[in-house]
Every structure is written in structure tokens, then in C-alpha cells.
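[1] My questions are about this predicted structure, shown below with the sequence.
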Amino acid sequence: MMERILEPVEALCDADADTYDRLSRKHRFCLDNPFIGKVLSMGIRQGQALDIGCGPGHVAVDLARRCPNMTVYALDLSETMLNLVRRNAEKAGVGHRVVPILGDATRLPFQDQRFQLVVSLHTLHHVPNPELALREIRRVLAPDGAFLVRDLRRPRSPLVTKTLVNGFGALLRYGSEEKRQYWNSLRAALTPEEMAGHVRQAGLGRSRISRRAGHHLDVARKPRLCAARSAMEAPMKTRRPIAINNSLSHGICNCNCTLCGVNKPGYKGPKEFQPKSVTETLVARIKQAARQGLLVRYVANAGDGEPTLHPEFGERMDMFGDMIRQWDVPDAPTPEVSVVTNGVRLLRPGVLDAFTRNPLTLIVSFPTPDPESYGMLMSGDPRRGPALLKHVVPGIREALKLYGQGRIRRVQFHISPPDRDVVRRDFDRTLQFLTTLAREAGAETVEAILFPATANRSGLIRSTVKGCDMYADLIRRYNGKRIGGVQVRLSLSFQRFFPRIREFFDLLRAYDYPCTWNAQLFVTAAGDSTCCNDQAVRNPMGNLLHASLPELMANKERHRPGRVCAGCDQTPDKITGSRLFALFGRLAMLKLRRAEAKSTRTAPGLPALEPDGM
């Protein structure tokens, strides 16, 4: 049996990190991917995970990418390697959920029982005393957590070592230096007997040691059955970060938009301002969910009414501002919080002040600068357009001025209500108008958001605009361009809620009836959870005063179409105009049929959830 010989310490700390990164990329297919697959099979897909000896961070980044509700701490001895982790995580779009940590595997800088999952790939052979590293894994691992350590297995003779080096080196086209490093790593690895002794001395009960292909060893402990489904996981299947639409003023508005059910004769929903207790509970629920691993990406104070009409608008914005400033969940990104307004009251005392003293995003609905069209869309009366714009435009100008001075965090424009003919006809004029205001106010950027589809508020109104328009031609023509020296940035509304396509299709996995209108949490003034289209609150699906956010999401996931959905012309099977939405619609209806068939086979004593409105 060959004696264990540790690798030189300088090889760990002073190696060319970029060279090591390129070498690691060679291992992705044959080493990293199978390791990630084994980790995922353990069933821990949210919460906090630790990758010990992360190197350039490929395992940590892949784990975060495949587990949207997980935060991964990537620990390494080399600050240079951690810089690569940051770069790779940002490139993969998970920089907010991969946390680089400088530290030693034998002295982990974490409190006891911190992590639901601990992983380590090709690190243990670098550690002079592996037992210390294994003891640290036991210390930081939650009692019902899982861990997987995979490392090289030391060959029994120099001949086997040479055979492995030459064979594996030829497969991956190793150079002489890479072969030398591989030889040293094999000589520093443990035998199965040595590994078993260290695991036993470290007190890692329920662990299993197994030989793996490529002359590797696994040390693993799977979670207990109850651990794989935590208290949060049990009711909720959604993995993606969610958004919340909060209705500060429900059914109360100073406009009468053509595509809104509020102020219409058939509206019989609530007309109320949100009590302080509901706003306070919402803020608390957001923090609670973040600690549980459910990320809230975005909170829009919009809902079914004009939020600036709330008599305590400034105080409510201070509550969200305090949430952002005092965010105490370090392993979860701070949610973006916005206010969507028609802009009529921007110059009222205290309204813009709420944005200058709080890090909030101001979003103004602005479909067109044409007075008659503006009046028709915002009030149903083209004659009111000039008077409305007389109130709105000075407020936009002042907001852009404060934005240009850096006193307001962000200003955006919803090109809505989205009457497609008006949007397309006036789009060039709209951008010219907004960029002129921005230039005069000293702002360098105008951000505009387009709406591919229009809602009919579950039958309260009927939209003549059918199907979807992704505005691909307008985005190609204007996005990133400068108009009068002001840069234009365009995006689609659903990109804020589904920035990645795989999140969009997460609905198909999690929901019995996958529908984009019901995909996020919509909170009424009273705290009820409803579908975005259910303005009249005819089918509440729980209330945040009595249920956590994961519980409310679970109710949405089990929702089946009933009388409220019957009045909606934007259900998945009715949306046309986009290949993506058409495919999604077909898959959504297939998922619904499967869920309904499963319900008919429900065992006696386990009643299926009833459809809404029945």
C-alpha cells in the first residue's frame, strides 16, 4: 500500500486560478455533473447549502441554478478562487444566491446546525487531518440534513497510479503539469479503510461509504424522510422566487381605465384601504418566508386601485422602506419594492417625498401622450385627456428630475392600459415624449415596460384585444438605443416575474392548473389571496393574516378553474399570438386533465380540493 503524501501547500494557494478554472471545466461532464445529480437525488432543494473547497464554484453555481429556492455558501482558502466564484455566479444569473466565503474546512466560520445540505468535491485529499473537516461537517449540519463528500481514492500501488494518470490524462487531454498534479492528488487521497476510520471518529452516524467510478470514494448521509420535506416544502411545490402584488387601495381609484373593472357598473367587489395590520403582517410574512428559503423577488404596491389615494400612503411606504433598510436575512436577496400609479397625484404633498426617503421604484402608467387617446384609455372619455395630462406630466417631470439627481432609486413607465392599436400607433411619439422629459430633467435613461396580453378581470370587462403581442419589432428597433441623448430600455411585463423561461415552466410542475394570471401572490386590502384577474374577490384562496406565504402559494397550486375562471378570456387555453404561450397553454391543459384524473382516483377519506366558486 502506498503511503499518503500530502500535496504542496503552495499548490493550493498560489496556483494560476484561471488555469485551474479551465482545468475544472474539463471535469464538468465526467465528474461535476454526476456529482450534482447525486446531490439532487437526496431531495434537499431549498434552504441553505455549503460547498466546502469550492474552487472556481462550478458545483455551487450549478446547485444554485437548479435549486431556485436555495442559497449556496461557497467556501475556499483562496481569495482568487472566490473571485472566480463571483464571476461565474454572476454570469449564470445566480450571484444573489451564491455567497463566497474565505475559510478553512477544518475551522468553518458558521454556527452549529446551520445547513440543510453540505457538499464537497475533490477537497478532502488537500486536508492534512480529514477527521477535523468531517467533524466540522457534523457540527454545521442540521440534525436531519444531508451531506455528500466525494474525493479521490488512493491507489494501492504506483503502477495503478501511473495507469490512472495516463488513462485519465489521455481522455481529458492533460498536459504534463496537469498529469503531475493528478499524480500528487491521488497520492494525497485516502483509502476506504482510512476514510471509514475518520468518519467513525468524527461521529458521523448514518453515513455510508461507497466506491465510485474513476477511483473515487463517496461519504454520504441522506436526509430522514421528514427532512426532505420541511415544514415549508410539504404544502408548496413552487421553487422559483415569487412576486407579490399588494392592493393598498382596493376598488378605489381616481381614474376609470378601459381595461379595469373598478368604477364600472358591474363591479361589486370591495372598496377599502388596506389596514395597517395587513401591511405589517405582509412585511413580516416576507421576512419569514425568506428565512424559510422562499424568496420574494418583487413587491408591487399596485393592485386594484390607485395606491397614492391611501390616506397613510407615506407611512406605508416607510414600512416597506424600513423592511429594505433593515433586511436581516443575509442569505436572501432584498426584494425590490415598487408603486404603480397613474401619476395624477404625484405632486400632492408627501407623495414624491415617500420615494426620496425610501429605496423604492416608481412606476407610472403612461400609454400615450396623445390627449384624446390618453383620455379614452384612462377615463373612458377622450375629452378628459388634456386635463388629466395637465396633472400627470408635471409630476413625471419632477419625478425624473429627482431620479436624475439620484434622489429616487428608479423610475419606470408602464405602457398601459395596453390598448395594442394605440401603443403601436403612438409608440415612437411616446418614447420621444418621455425621453424629452428625461433630458430636460437631467435623467440619462428611460425604462418602459410593455404588456403582451390584456386581462378582462374575470368577466368584469371585455377586452377587444385578443391574443399576445410580444412587441419583438419594437424591442429590436428601440431597446438600448439613444433618443436625444437618453438611453431607452424596453422589457416585457412578465419578464419581471419570470426572468428565465425555466421559471415560467415551473408552473407546469407545481400547479394543478398552470395559469400565469394566478402564478404570483395577489393580496387584497383585507389580506385575501386571489387571482390577479379576480378584482371582485369572488374566490379568495386564503388570507395572509392567518396563513404563511408558502401556505398561500400551496392553495394557488391546488386551484382548479370554476365560475371565476369561466368569465376570463385569458386562460391558458385561450391565449393566442405567441408560440411560447400556445405551447404553454397546451401543456397547461394537459396538466389540468392529469390533476383532475388523479382527483377521481383519490382514496376514500382523502377528499380532493374543490374547484373555485363551486
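    Received the coordinates, thanks.
[2] Now do the same for the nearest residue to Q113 once chain neighbours are set aside: its pLDDT.
    Closest residue in space to Q113, ignoring its immediate chain neighbours: A142 at 5.0 Å, by Cβ to Cβ, 6 or more residues apart in numbering. Every C-beta, even on glycine, is put in place using the N, C-alpha and C of the backbone. On pLDDT, A142 comes in at 84.
[3] What is the burial count for A142?
    19 (other Cβ atoms under 10 Å).
[4] tell me the SS of it?
    strand (DSSP: H, G, I helix; E, B strand; the rest coil).
[5] In contact with it: list those residues for me.
    113-116, 227 (Cβ atoms under 8 Å, 6 or more residues apart in numbering).
[6] wait, which of the residues you listed is closest to P265?
    Nearest to P265, judged by Cβ to Cβ, of the contacts of A142 is Q116 at 53.4 Å.
[7] who's in contact with whatever helix or strand the closest one lives in?
    Using DSSP states H and E, Q116 sits in strand 115-121. The contact list for strand 115-121 (Cβ under 8 Å, 6+ apart) reads 31-32, 35, 39, 42, 44, 46-53, 59, 63, 70, 73, 105, 133, 137, 140-142, 145-151, 223, 227, 230.
[8] re earlier: any idea how far the residue nearest to Q113 is from L50?
    The gap separating A142 from L50 is 11 Å, by Cβ to Cβ, to the nearest Å.
[9] Kindly report the same for G197.
    On the measure of Cβ to Cβ, G197 and L50 end up 24 Å apart.
[10] Comparing the two, which shows the higher neighbour count?
    More crowded of G197 and L50, by other Cβ under 10 Å: L50, with 29 against 14.
[11] and the more buried one, what is it in contact with?
    L50 neighbours (Cβ under 8 Å, 6+ apart): 72-73, 75, 108, 110, 114-115, 117-119, 140.
[12] Which stretches in the stretch 1-150 of the chain count as strands?
    Along the stretch 1-150 of the chain, counting by DSSP state E, counting those that start in this stretch, strands occupy 46-52, 69-76, 98-102, 115-121, 141-152.
[13] Output those as a markdown table; include the columns distance to R424.
    As requested, these are exported to a markdown table (distance: least, Cβ to Cβ, whole Å):
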| stretch | distance to R424 |
| --- | --- |
| strand 46-52 | 42 |
| strand 69-76 | 39 |
| strand 98-102 | 41 |
| strand 115-121 | 49 |
| strand 141-152 | 53 |
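[14] With respect to G404, which of these lies nearest?
    Proximity of those to G404 was assessed by Cβ to Cβ; the nearest stretch is strand 98-102, lying at 33.8 Å.
[15] And the closest one, what does it pack against?
    Other helices and strands packing on strand 98-102, by 3 or more Cβ pairs under 8 Å, 6 or more residues apart in numbering; DSSP states H and E, are helix 58-66, strand 69-76, helix 79-92.
[16] That strand versus strand 46-52: what angle between them?
    Angle of strand 98-102 versus strand 46-52, following axes from the mean of the first three to the mean of the last three Cα atoms, to 10 degrees, is 40 degrees.
[17] got any ranges where this protein has weak pLDDT?
    Scanning the chain for pLDDT under 70 picks out 1, 8-30, 168-169, 171-172, 214, 224-235, 454-466, 563, 599-614.
[18] Strands along the stretch 451-600 of the chain, start to end?
    482-483, 486-492, 521-523, 529-530.
[19] residue contacts, I137?
    Here I137 is in contact with 52, 118, 120, 147, 149, 202, 204 (Cβ under 8 Å, 6+ apart).
[20] One more pass at 7 Å, please.
    118, 147 (Cβ atoms under 7 Å, 6 or more residues apart in numbering).
[21] Name the stretch among the helices and strands packed on strand 98-102 that sits most buried.
    Comparing the helices and strands packed on strand 98-102 on average neighbours per residue, with mean count of other Cβ atoms under 10 Å, the densest one is strand 69-76 at a mean of 26.
[22] Neighbouring strands of it in the sheet, and parallel or not?
    Applying DSSP bridges, strand 69-76 is found paired with strand 46-52 (parallel), strand 98-102 (parallel).
[23] tilt between it and helix 58-66?
    Using the same axes, to 10 degrees: strand 69-76 against helix 58-66 is 170 degrees.
[24] Would you mind putting the CA coordinates of strand 69-76 into CSV?
    This file holds the C-alpha atoms of strand 69-76, laid out as CSV (Å, rounded to 0.1, in the frame of the first residue of the first chain):
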residue,chain,number,x,y,z
ASN,A,69,-35.1,28.4,-3.5
MET,A,70,-31.6,27.5,-2.2
THR,A,71,-28.7,29.8,-1.1
VAL,A,72,-25.3,28.2,-1.5
TYR,A,73,-22.3,29.3,0.5
ALA,A,74,-19.1,28.6,-1.4
LEU,A,75,-16.1,28.2,0.9
ASP,A,76,-12.4,28.2,-0.2
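[25] between that strand and strand 115-121, how big is the angle?
    Using the same axes, to 10 degrees: strand 69-76 against strand 115-121 is 50 degrees.
[26] After the host helix or strand of R316, which helix or strand is next?
    For R316, the host element (DSSP H and E) is helix 313-325. Following helix 313-325 in sequence order, the next helix or strand is strand 336-341 (DSSP H and E).
[27] tell me the contacts of the closest residue to D331 other than its chain neighbours?
    Using Cβ to Cβ, 6+ apart and skipping residues adjacent in sequence, the residue nearest D331 is T71, 4.1 Å away. Applying Cβ under 7 Å, 6+ apart, we find T71 in contact with 48, 97, 99, 331-332.
[28] and the residue lying closest to T356 once chain neighbours are set aside, how many residues sit next to it?
    Take T356 and drop its neighbours on the chain: the residue closest to it by Cβ to Cβ, 6+ apart is R407, 4.7 Å away. Applying other Cβ under 10 Å, we find 13 residues neighbouring R407.
[29] follow-up on the earlier one: for the helices and strands packed on strand 98-102, which one sits closest to A525?
    strand 69-76 (28.6 Å).
[30] The closest one vs helix 79-92, what angle?
    Using the same axes, to 10 degrees, strand 69-76 lies at 150 degrees relative to helix 79-92.
[31] Please identify the buried residues of stretch 132-144?
    132-138, 140-142, 144 (16 or more other Cβ atoms under 10 Å).
[32] do stretch 37-55 as well
    Buried, per 16+ other Cβ under 10 Å, within stretch 37-55: 39, 42, 44-55.
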